[in-house]
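Colleague: The following comprises the amino acid sequence and a computationally predicted model.
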Amino acid sequence: MRIAYFQCTAGISGDMILGALVDAGLKLDTLKEELMKLKVPFDLKSRHVLKNGIGGTKVDVIVEEGHVHRHLSHIKTILQESELKGKVKADIIRIFTNLAEAEAKVHNTAVEAVHFHEVGAMDSIIDICGAVIGLELLKIEKIYCSPIHIGTGFTKCAHGIIPLPAPAVVQLLHGIKIYSKGIEKELVTPTGAAVISTLCDNFGEMPSMNIESCGYGAGDRELEIPNLLRICTGNLEDSKNRNFVKEGEAVKVEVNIDDMNPQFYEYISQKLFSAGARDVYLQTAFMKKNRIGSILCVNAGGEDLDRILKIIFEETTTIGVKVFNFHKYMLPYEIKKINTELGEFSVKVAFYGSKILNISPEYEECCERAEEYDMPIKKVYDIVKQTAARQNII
């Protein structure tokens, strides 16, 4: 599978995306040719620049129009009257729709009433369309993205002076990992946030991939860090060719408790899972003075540690916890569908290299069929596993 990894160490904007794609091998003339299908006047210029000693490409969109406010319906009309491919049109409309919904939420108005300011300008429309077209031309099937570096401070817009990141950007980045190093500049624009939040399939660490090209897209400002967006393109490594998958760094929290009502553990466990815990379990142990107590163990990602600790200190009787860092390794797996005498089931197939080591039926589906056929769940499991063993499910 051909993928692109966006590394947003200096944020993300529409022109930075275009610059990085061109720097990664996208032909500017080919991009312009496709953009001409929009049937609007524009031009694209690219130039090589240096940012803190690192070379990148700056793409400028040149248009001859004044400050124009457009509604979502106006932008949809431009796209519908264009000669762009169906999937490209659909992705662009999704981006603008998500942006309109974010603006509507921020300004407490209806989506149809939102009028785009900067993003409604033709150069921003070209930025968004160019990003989608560029990814299509590079044959990118899936997009991954790092946590996004956001700026701080204030900026001036059509509504006056507003905090950074802009409210619409914050709305678009809900549920996405972000961080700040205190740079008092706008690092993430609404255009950039709309594109990446709509198109990205996975936010986090760079996946195991074979890099074929790497491009740097330059922003306008000079910063104390290189003002560049890096996009690496290549092929995702086939999970069947890997023995193990490193799931990333995690933390284990241990709490010794011997003075709490054990009925509380069910409620506390539910809260911990809701806060991001991956595993919650209890171990029985002898405590001080040979009292029988419990060790509450919680495994979670490092980014969820603060929430986990808050729940533990608020909901239990402990005044101290132990925290350990660890790495989790697991076998790569795929979810497959198989047909059995009881109907279709999902099974999780785990690999070691190219060899199947384990086939596990999905528990919830087995529960449903056990109830439906009035059959012991262990028999449902056996039927599914035996059927899977007879079928070629690779």
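Modeller: Cool, the structure landed. Residues are numbered from 1 along each chain as shown.

Colleague: From now on I want contacts and neighbour counts done on CA atoms only, so please keep to that.
Modeller: Fine.

Colleague: Could you list the low-confidence segments of this structure?
Modeller: For the chain, applying pLDDT under 70 flags the ranges 65-68, 117-120, 238-249, 392-394.

Colleague: As a check, name the ranges of all helices in it.
Modeller: Remark: helices assigned in the chain by DSSP state H are 14-23, 28-35, 72-80, 86-107, 122-137, 167-172, 190-199, 264-274, 305-315, 363-372, 377-390.

Colleague: mind checking which of these is nearest residue 229?
Modeller: helix 14-23 (6.0 Å; Cα to Cα).

Colleague: so residue 156 touches residue 166, yeah?
Modeller: No - Residue 156 is beyond contact range of residue 166, at 10.0 Å (criterion: Cα atoms under 8 Å).

Colleague: okay, these two: which has more neighbours?
Modeller: Set residue 156 next to residue 166 and count neighbours by other Cα atoms under 10 Å: residue 166 wins out with 21 against 11.

Colleague: Relative to residue 337, how far out is the nearest residue to residue 39 once chain neighbours are set aside?
Modeller: Nearest non-adjacent residue to residue 39, counting by Cα to Cα, 6 or more residues apart in numbering: residue 82, 6.3 Å away. Separation of residue 82 from residue 337 (Cα to Cα, to the nearest Å): 40 Å.

Colleague: Pick out whichever of those two has more residues nearby.
Modeller: Taking other Cα under 10 Å, residue 82 and residue 337 do not tie; residue 82 has more neighbours (16 against 13).

Colleague: For residue 75, see how far away the more buried one is.
Modeller: Residue 82 is 11 Å from residue 75, by Cα to Cα.

Colleague: what do you get for residue 154?
Modeller: Applying Cα to Cα, the value for residue 154 to residue 75 is 28 Å.

Colleague: what pairs with residue 333 across the strands?
Modeller: Counting by DSSP bridges, residue 333 forms beta bridges with residue 350.

Colleague: hang on, isn't it packed against residue 350?
Modeller: Yes - assessed by Cα under 8 Å, residue 333 is found in contact with residue 350 at 4.2 Å.

Colleague: circling back: who has more neighbours out of residue 154 and residue 75?
Modeller: Higher neighbour count among residue 154 and residue 75: residue 75, with 18 against 15, using other Cα under 10 Å.

Colleague: Nearest residue to residue 205 in space, ignoring adjacent ones along the chain?
Modeller: Excluding the flanking residues, the one nearest residue 205 by Cα to Cα, 6+ apart is residue 146, at 6.0 Å.

Colleague: got the contact list for that neighbour?
Modeller: By Cα atoms under 8 Å, 6 or more residues apart in numbering, the residues touching residue 146 are 5-8, 203-206.

Colleague: what's around the closest residue to residue 359 other than its chain neighbours, how many residues?
Modeller: Leaving aside its sequence neighbours, residue 359 sits nearest to residue 349 (Cα to Cα, 6+ apart; 4.7 Å). For residue 349, the neighbour count with other Cα under 10 Å is 20.

Colleague: go on, residue 324?
Modeller: Count around residue 324 with other Cα under 10 Å applied: 10.

Colleague: Spit out the contact partners of it.
Modeller: Contacts of residue 324 (Cα under 8 Å, 6+ apart): 251-253.

Colleague: what about 6 Å?
Modeller: Contacts for residue 324 (Cα atoms under 6 Å, 6 or more residues apart in numbering) come out as 251-252.

Colleague: Show me what it is bridged to.
Modeller: Going by DSSP bridges, residue 324 forms beta bridges with residue 252.

Colleague: where's it relative to residue 276, distance?
Modeller: Residue 324 is 17 Å from residue 276, by Cα to Cα.

Colleague: quick one, domains of this protein?
Modeller: Using automatic domain parsing, the domain ranges for the chain come out as 2-237, 245-330, 333-390.

Colleague: out of these, deepest packed?
Modeller: Stretch with highest mean neighbour count among these: domain 2-237 (a mean of 19; mean count of other Cα atoms under 10 Å).
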